[in-house]
Structures are given as C-alpha cells and as structure tokens.
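Peer 1: the sequence and its predicted three-dimensional model are supplied below.
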Amino acid sequence: RGPARRGMAAAAFERRVLRRAAEHHYLRVRLELPDGGARPNAAQFKQLVVTALRELHGEVGAALPVDVLTYEEKTLSAILRVISSGLVKLWSALTLLGFYQNRRCAFRVLQTSPFLLALSGNSRELVLD
C-alpha cells in the first residue's frame, strides 16, 4: 500500500530555480609570446585586448566594456571582466589574435566563470605539504 492509503498524505515537492543572469563574466587568460621580445605592460596588454576586439568585430567590438582586473607582467596572465552579453565576442577575439608587435602570439583562456571567486584558486595548482 502507498502512503496515501495508510492515512499519510504524500509529500509534495516543488522545485524552484531562481536564476538571474550574471551581469559580468570573468576570464583568466595568459598571453603566450616567443622568448626574447618585449613583454607588454598593463596598458599595452589592455590595448592588445581592444585591438583583438577591433580586428574581429570592428568598432562596435572595440567599444565592448572590458576591464583588466589583474595583470602579471612576469607570467603574462590576467583576469578580465566583461559584460555577460559580450563574453563570446571577447573570447573569440582573443582566440583569433595571432600577432603582437609583429611576433606570433596566442591568448589562452584558462578559466571562465560568472563568479570572480571561482577564479581565485585552481585545484590543479594546489600544493599539499
């Protein structure tokens, strides 16, 4: 016999999913350059991102609001913030950029998330003592 027949009311479960689209997305990226050349500073790095957007998406792409939250010149790594609607434009522009100061280069998108905290640590780089 089922629970309803024994005098017990069947539990009613209601699934609620509250999902508000994230306003921004965050990307952890690394610029790969051949050895022996000048490394871009923070301003040059930001300009390179804008150039990548302009080359692929024109002036409208270059106007996409992208912020460089952190940049490490030593590792050429950065955390970028972009409005969520521009994530695909930014990612595609970075992926297709091939040159910096007439040298081959490549952007690698290492992580992406709508939450900045998710990019704060990488379990693959965790060192246990």
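Peer 2: Perfect, I can see it now.

Peer 1: which parts of this protein are strands?
Peer 2: Remark: strands assigned in the chain by DSSP state E are 24-32, 66-72, 77-83, 99-100, 103-104, 106-113.

Peer 1: partner strands of the fifth one and their direction?
Peer 2: Partner strands and pairing direction for strand 103-104 (DSSP bridges) are strand 99-100 (antiparallel).

Peer 1: so how many other residues sit close to residue 73?
Peer 2: 13 (other CB atoms under 10 Å). Any C-beta I mention is one placed from the backbone N, CA and C, and that applies to glycine too.

Peer 1: thought residue 41 was touching it, still the case?
Peer 2: Yes. Between residue 73 and residue 41 there is a contact under CB atoms under 8 Å: 6.2 Å.

Peer 1: where does this protein have low pLDDT?
Peer 2: 1-11, 15-20, 121-129 (pLDDT under 70).

Peer 1: list the residues that contact residue 54.
Peer 2: Residue 54 makes contact with 61-62, according to CB atoms under 8 Å, 6 or more residues apart in numbering.
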